[in-house]
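K.L.:
build me a model from this:
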Amino acid sequence: MSLLDQNWGAGGSAEDEAQDENQQGRPITTNRDGTLILIECAPQMFETLANQMKQDSTIDEDDEDAQLTTGFQLVMRACQRFYQSKIISNDKDLSGIILYGTENSLNAFDFKHIYILHELAQPSAERIIQLETLSNKDTFKAKYDELFGSTQATGYSLNEALWTCSNLFSNSPQRLTIKRIFIFTCNDQPHASNLTLERQAKQRAKDLHDVGIQLEVFPILTESITKFDFKKFFQDVLMLSDEDLEIRNNQEPTGRLNELLKLVYSKEHKKRAYCTVPFSLGKSSDGTPLEFSVSVYNMVRPCPKPTKIKLDMKTNLETKIVTKHYLPETAEILMPSDIQYGLDVANRRILFDSDEIKAIKKFGDSGFELLGFKSLSCLLPHHYVKPGHFIYPDEKYVEGSSCLFNALLKKCLEKKMFILCQFTARRNTPPRLVALTAQAEEVNKKIKNDRLASNGFHVHYLPYADDIRTLPKNDTTRAANDEVDLFKNVIRGLKFKYRPDKFENPALQTLWRNIEATALNKGEPDEFIDLTIPSVENQNRKISGYVDELKQMIFPPGYVMGTTKKSAAAKRKAETTSSPSSAKKTKPDEDVDVEAAAKSNLLSKLTVPMLKDYCRDKKLKASGTKKQDFIDVIQSHLGIAQ
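P.N.:
The predicted model follows:
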């Protein structure tokens with residue numbers, strides 16, 4: 001899971017709540033995630049990167065990333081990309097940067113060799129520009145000496161650095177749902193010569209773990225440090241089991257660092273339940289309702305553009321919109337109690353107050369109500385109405401929900417049935433018929449503990465009888481088998497495996513890049529490759545063997561639009577046998593086989609004079625002078641259904 005896509009919290013941003021305002025759920029507060037980046041400034045961090053670190057950490061083979069030669073530059077670039085991605089993914093989250101091992105000190109706790117570069121706050125353009133300066137090959141050394149001192153200190157304490165992080169989290173003015181500390185270091189045993197400092201650091205890490213602060217270590221390899229062993233010190237700091245320790249020591253050191261270096265222009269959506277409702281199975285013998293609790297999740301949702309904020313032109317401060325209702329005759333301001341709702345029916349205005357409007361909209365309590373079971377074969381593709389949901393048991397509100405839910409899921413999978421339910425999202429919304437299809441748990445066999453699909457029910461909205469219409473059947477001419485096989489080969493050649501996560505929205509990506517270029521004073525936005533534009537060269541290459549055959553089949557030699565092969569052959573024969581003098585007298589309209597065109601449903605391709613001449617020859621009288629009038633009378637004469 002990507003570090004930038006970890007949706008830890010149960011709350012969402014304001015935009016998430018705006019998207020879900022039409023849904024019923026438990027009260028959800030808007031929470032934020034906090035991330036502190038703790039960077040060790042040891043002398044080894046300014047050495048040249050190890051060869052495997054250079055190869056693995058360069059995400060884009062461009063000049064900008066190729067200039068990252070030291071560990072400090074690499075970490076600064078990772079912090080810069082993390083800030084840029086956070087602004088887009090979730091700008092409400094808080095982030096900060098702390099450096100330890102510096103000559104200068106800057107903190108409110110009088111700790112030596114600890115410099116708070118950025119307090120815990122929302123990312124800003126000024127911070128990103130500063131980090132860009134600290135990662136630039138030409139300016140990073142001078143900027144570092146100016147801020148943190150020209151020499152690296154010794155004898156610093158990781159315990160005090162972690163304590164500083166804990167105090168920043170405690171003093172945060174915002175409530176933080178998840179608190180994380182990213183440690184960038186090249187030293188796998190920072191206090192090897194001082195057991196007291198080592199014991200204090202481990203105890204501090206344990207205290208942070210007890211209060212819910214998560215720690216993550218990103219090792220940096222240089223020319224002098226080519227291996228990082230978590231067992232020496234950081235196994236106790238990260239609370240790693242022996243199995244996890246083996247995985248950490250065997251994996252590439254840049255695996256998770258690449259996720260920070262990769263600039264992701266993607267909005268982060270909280271994986272939270274927007275709706276927690278009861279699932280009613282009916283009533284027991286004594287009349288007690290039998291129900292359990294389920295949480296409803298959205299599987300697919302639109303990703304909108306960020307909302308515009310209206311600012312005052314003079315002060316540049318955010319404005320507040322206030323809506324007031326006036327009486328037209330007297331310009332008197334109306335209060336909510338002075339307003340009624342009306343509906344005109346049969347020249348009569350029927351008035352309602354707000355309580356009556358709420359009563360009209362209420363059909364019942366929110367939740368799922370069991371109606372019955374049906375075979376999965378009854379669920380057809382055209383029953384799809386709109387994107388559905390996914391439900392999972394919720395033990396928080398009704399104990400025992402998981403047991404009953406899993407029993408129901410198991411039986412539906414065994415008997416290949418789906419559940420027909422009535423679903424009411426909230427009290428003032430109309431009920432909908434839904435089908436609950438069971439999904440079994442799917443685990444990746446190659447990767448341990450990697451769950452591809454969770455066990456639960458998919459909620460499919462079903463149409464009402466009024467939503468289904470019967471379309472007229474048109475008996476069109478079927479293509480020959482060889483023609484069908486040819487088109488199958490073309491479709492097979494152009495077919496590819498579609499994955500939604502491989503196609504980015506061009507409008508959103510262009511918007512984010514333009515905003516970033518404006519905020520960071522860039523000359524031009526970063527280049528974006530629109531993958532929704534098809535590659536015509538690849539398509540032509542894949543079906544090059546069928547193009548000529550298609551042309552010969554659809555457009556044979558001497559093809560005339562609106563005629564059959566038989567009439568076209570007769571026309572070519574007449575042209576070869578006729579003399580030049582007779583060709584001038586022959587009208588091209590007389591060569592058209594109207595009856596054949598009518599049987600092939602191609603009368604609309606013919607001109608009005610052609611149709612009029614045919615009606616004159618057959619003594620047919622049309623109801624008007626439009627083309628459709630002549631087509632109707634010809635089809636009626638030939639007995640062809642209209």
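K.L.:
shaky segments in the stretch 451-600 of the chain?
P.N.:
561-591 (pLDDT under 70).
K.L.:
let's see that with 90 instead.
P.N.:
Scanning the stretch 451-600 of the chain for pLDDT under 90 picks out the ranges 451-454, 465-487, 489, 492-505, 507-509, 511-513, 515-600.
K.L.:
what of the stretch 201-350 of the chain?
P.N.:
217-276, 282-290, 298-309, 321, 328-329, 331, 335-343, 346-347.
K.L.:
for it, just list every one of the helices.
P.N.:
Under the criterion DSSP state H, counting those that start in this stretch, the stretch 201-350 of the chain contains helices at 234-238, 242-250, 257-261.
K.L.:
residues in contact with the first one?
P.N.:
Counting by Cβ atoms under 8 Å, 6 or more residues apart in numbering, the neighbours of helix 234-238 from elsewhere in the structure are 188, 201-202, 205, 215-217, 230, 240, 245. C-betas here are computed from N, CA, C, even on glycine.
K.L.:
and of those residues, the nearest to A359?
P.N.:
E216 (53.6 Å; Cβ to Cβ).
K.L.:
number of residues surrounding the nearest residue to the closest one once chain neighbours are set aside?
P.N.:
Of all residues not flanking E216 in the chain, F182 sits nearest, at 5.3 Å (Cβ to Cβ, 6 or more residues apart in numbering). F182: 24 surrounding residues under other Cβ atoms under 10 Å.
K.L.:
pretty sure F182 contacts E40?
P.N.:
No: counting by Cβ atoms under 8 Å, F182 sits too far from E40 to count as a contact (11.7 Å).
K.L.:
tabulate the helices of the stretch 201-350 of the chain in TSV, adding columns for distance to R616 and mean neighbour count.
P.N.:
Below are those laid out as TSV (distance: least, Cβ to Cβ, whole Å; neighbours: other Cβ atoms under 10 Å):
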stretch	distance to R616	mean neighbour count
helix 234-238	94	20
helix 242-250	88	13
helix 257-261	78	21
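K.L.:
show me how the protein divides into domains.
P.N.:
34-261, 269-469, 481-554, 566-638 (automatic domain parsing).
K.L.:
the residue nearest to E216: what's it in contact with?
P.N.:
35-38, 216, 218.
K.L.:
how far away is it from P219?
P.N.:
For F182, the distance to P219 (Cβ to Cβ, to the nearest Å) stands at 12 Å.
K.L.:
about what we covered before: nearest to V560, out of the domains of the chain?
P.N.:
Comparing those by Cβ to Cβ, domain 566-638 comes nearest, at 5.3 Å.
K.L.:
report the beta-bridge partner residues of the residue nearest to E216.
P.N.:
F182 forms beta bridges with I37, E216, as assigned by DSSP bridges.
K.L.:
and the pLDDT at it?
P.N.:
pLDDT recorded at F182 is 93.
K.L.:
same deal with E414?
P.N.:
Reported pLDDT at E414 in the predicted model: 94.
K.L.:
where does it sit: helix, strand or coil?
P.N.:
helix (DSSP: H, G, I helix; E, B strand; the rest coil).
K.L.:
among the domains of the chain, which is the most enclosed?
P.N.:
domain 34-261 (a mean of 18; mean count of other Cβ atoms under 10 Å).
K.L.:
and it, end to end?
P.N.:
The first and final residues of domain 34-261 sit 19 Å from each other (Cα to Cα, to the nearest Å).
K.L.:
tell me the centre residue of the protein?
P.N.:
Residue closest to the average C-alpha location in the chain (Cα atoms, centre = their mean): C303, at 6.3 Å.
K.L.:
distance of that residue relative to T510?
P.N.:
14 Å.
K.L.:
sticking with R541, tell me its helix or strand.
P.N.:
Take DSSP states H and E as the rule and R541 turns out to sit in helix 536-542.
K.L.:
next SSE downstream of that helix?
P.N.:
Taking DSSP H and E, what comes next after helix 536-542 is helix 544-554.
K.L.:
can you show me the strands along the stretch 201-350 of the chain?
P.N.:
In the stretch 201-350 of the chain, the strands defined using DSSP state E, counting those that start in this stretch lie at 213-219, 275-283, 289-298, 325-326, 333-334, 341-345, 348-352.
K.L.:
listing partners with orientation, what would you give for the fourth one?
P.N.:
Spelled out, it's strand 325-326. strand 333-334 (antiparallel).
K.L.:
just to revisit the earlier point, can you put the strands of the stretch 201-350 of the chain in TSV and add distance to A438?
P.N.:
Below are the strands of the stretch 201-350 of the chain laid out as TSV (distance: least, Cβ to Cβ, whole Å):
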stretch	distance to A438
strand 213-219	35
strand 275-283	14
strand 289-298	13
strand 325-326	51
strand 333-334	53
strand 341-345	44
strand 348-352	43
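K.L.:
nearest to T196, out of the ones you listed?
P.N.:
Smallest distance to T196 across the strands of the stretch 201-350 of the chain (Cβ to Cβ): 20.7 Å, for strand 213-219.
K.L.:
show residues contacting that closest one.
P.N.:
By Cβ under 8 Å, 6+ apart, the surrounding residues in contact with strand 213-219 are 75, 78, 165-166, 169, 178-186, 188, 205, 208-209, 228, 230, 234, 237-238, 253, 256-257, 260.
K.L.:
now do that strand against helix 242-250, angle only.
P.N.:
Interaxial angle, strand 213-219 versus helix 242-250 (axes from the mean of the first three to the mean of the last three Cα atoms, to 10 degrees): 40 degrees.
K.L.:
work out the gap between strand 213-219 and the centre of the chain.
P.N.:
Strand 213-219 has its C-alpha centroid displaced from the chain centroid by 27 Å (Cα atoms, centre = their mean, to the nearest Å).
K.L.:
which residues touch the closest residue to R432 other than its chain neighbours?
P.N.:
Computed as Cβ to Cβ, 6+ apart, the closest residue to R432 that is not its neighbour in sequence is F423, at 5.2 Å. Counting by Cβ under 8 Å, 6+ apart, F423 touches 367-369, 431-434, 459.
K.L.:
same list (the residues you listed) but as TSV, adding distance to D338.
P.N.:
Formatted as TSV, these follow (distance: Cβ to Cβ, whole Å):
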residue	distance to D338
G367	36
F368	40
E369	39
P431	33
R432	35
L433	40
V434	41
V459	42
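K.L.:
could you single out the nearest of these to K310?
P.N.:
Checking those one by one against K310 (Cβ to Cβ), the nearest turns out to be R432, at 36.5 Å.
K.L.:
surely that closest one and L420 touch.
P.N.:
No: using Cβ under 8 Å, R432 is not in contact with L420, being 11.6 Å away.
K.L.:
re the thing from before, closest to P534 out of the strands of the stretch 201-350 of the chain?
P.N.:
The nearest among the strands of the stretch 201-350 of the chain, by Cβ to Cβ, is strand 289-298 at 30.2 Å.
K.L.:
ok, that closest one: who's next to it in the sheet?
P.N.:
If you go by DSSP bridges, strand 289-298 pairs up with strand 275-283 (antiparallel), strand 389-393 (antiparallel).
K.L.:
which ones are touching R32?
P.N.:
Counting by Cβ under 8 Å, 6+ apart, R32 has contacts 9, 92-94, 174-177.
K.L.:
and the pLDDT at it?
P.N.:
Here, the pLDDT recorded for R32 equals 81.
K.L.:
do the same with L370
P.N.:
Here the pLDDT value assigned to L370 is 94.
K.L.:
try L408
P.N.:
Predicted confidence (pLDDT) for L408: 94.
K.L.:
shouldn't it be within a strand?
P.N.:
No: with three-state DSSP as the criterion, L408 is helix rather than part of a strand.
K.L.:
ok, the contacts of F423 vs Y614, which is closest?
P.N.:
Lowest distance from Y614 to the contacts of F423 (Cβ to Cβ) belongs to L433, with 52.8 Å.
K.L.:
what sits closest to that closest one if chain neighbours are left out?
P.N.:
L462 (4.4 Å).
K.L.:
got it, and L74?
P.N.:
In this structure, L74 finds its nearest non-sequential neighbour in L68, 4.9 Å apart by Cβ to Cβ, 6+ apart.
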